[in-house]
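Asker: task: produce atomic coordinates for the following.
(one chain, ligands or ions: 2)
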Amino acid sequence: MLIKLPKASDSKESDITPESFYLSRRSLLGSSLAGLAVSALPCWAKAEEAARYADVEPGKPPAWFTEKLPQTQWQAVNVKGEAITPFKDATHYNNFYEFGTDKSDPAQNAGALKTQPWTVVIDGEVGKPGRYALEDFMKPYQLEERIYRLRCVEAWSMVIPWMGFPLSALLKQVEPTSKAKYIRFETLQDPKVMPGQRSGFALIDWPYVEGLRLDEAMNPLAILAVGMYGRELPNQNGAPLRLVVPWKYGFKSVKSIVRISLVEDQPKTTWQSIAADEYGFYANVNPQVDHPRWTQARERRLPSSLFSPNVRETQMFNGYGDEVASLYSGLDLRKNY
Ligand SMILES: Nc1nc2c(c(=O)[nH]1)N[C@H]1C(S)=C(S)[C@@H](COP(=O)(O)O)O[C@H]1N2
Ligand SMILES: [Mo]
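Answerer: Numbers count the residues shown, from 1 in each chain. Ligands and ions are numbered 1, 2, ... in the order given. Predicted coordinates:
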């Protein structure tokens, strides 16, 4: 991954809170919270929220998604006072190498990906392996909305409202055996629609693979997302199913998942295979452990430009230390980067 980090400057924060934006969004979705939400809004916020809502392109959600929306509970996790990244930035500045290596490639090329029907395979060390149509796979779970920071290893970041369900709920469902120590995720492999898989970008041994230790996967912050900004996931963000682990660098959040395996040994992940000295298995956000080629102490919060780089200090575990630090007690985070 290449990077150009602008010089530090004052960061600008929007004065709008994610909570109020989200409640107003709810009302537009026609949820049962709508009445409450509108009356809770400070009147000064309304114009800007309407503008933000206008930024979200409506998706064509599958029926099961719309059915699950009305009961969706939302939660902004440790992002108070930080603005939600505009939809346009979150959907036009992406890493999804299957669709090209430029940030604009995924938005341009991922439209060709067909996400319905979609099959997810559960296998390995589980009592209940299976092969599911996505709508059946989703049946047991209630959607939740989680507003999280996303910190890429390239030192840019966003704040994204995801919709999904806890990975722990899936794990309970599939009954890992006593041998299961790790969870391994695999992205779709389809060179016909994924130009990155046919190009000469031979560094990557497709499919894209990521993994977590089982106790990390059980942490309540880890979710499988099917939506963002109150709609289903745009293809460039990993439709129809992606992982979100907000205390880790973005590359752990594997997109367009087709296979989830419980395994005994630590899976060999894509970025480790490319450059093990630069991208570790843990990949916990850590401002004290620099990437060999750049500092991780700071990040550019999108939207960011040369004139307004919007640089801020990176937080340990991306600001989620209270929730996850105990997973790593006794582990040398310099060695296990
Ligand atoms: N299959 C797959 N998943 C992927 C990637 C990828 O190239 N392929 N890029 C990762 C990286 S480096 C980041 S930062 C995030 C970006 O997610 P976003 O585009 O939704 O912001 O997706 C991650 N998941
Ligand atoms: Mo990334």
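
Asker: got the phi and psi for the residue of the chain found nearest ligand 1?
Answerer: Residue nearest to ligand 1 within the chain (Cβ to the nearest ligand atom): G250, separated by 2.5 Å. C-betas here are computed from N, CA, C, even on glycine. Backbone dihedrals for G250, given as degrees, to the nearest 10, come out at phi -50, psi -30.

Asker: surely it is in contact with A155?
Answerer: No. Using Cβ atoms under 8 Å as the test, G250 is too far from A155 to be in contact (10.6 Å).

Asker: residue contacts, E216?
Answerer: In this structure, E216 makes contact with 222, 245, 324, 327, judged by Cβ atoms under 8 Å, 6 or more residues apart in numbering.

Asker: ok, 6 Å please
Answerer: For E216, the contacting residues are L327, taking Cβ atoms under 6 Å, 6 or more residues apart in numbering as the criterion.

Asker: excluding chain neighbours, what is closest to the residue of the chain closest to ligand 1?
Answerer: Spatial nearest neighbour of G250, chain neighbours left out: C152 (4.0 Å); criterion: Cβ to Cβ, 6 or more residues apart in numbering.

Asker: the one you found contacts K252, correct?
Answerer: No. Using Cβ atoms under 6 Å, C152 is not in contact with K252, being 10.5 Å away.

Asker: if you count what's nearby, which of those two comes out ahead?
Answerer: It is K252, of C152 and K252, that has more neighbours when counted by other Cβ atoms under 10 Å, with 26 against 21.

Asker: which ones are touching the more buried one?
Answerer: With contacts defined as Cβ under 6 Å, 6+ apart, the neighbours of K252 are 210, 245, 283.

Asker: surely the last one meets G250?
Answerer: Going back to what we said before, that points to A283. No. The pair A283 / G250 is not scored as a contact, 8.9 Å apart, by Cβ under 6 Å.

Asker: the protein: helices as residue ranges?
Answerer: 18-29, 34-40, 46-55, 63-68, 87-92, 105-109, 134-138, 167-174, 214-218, 270-274, 321-324 (DSSP state H).
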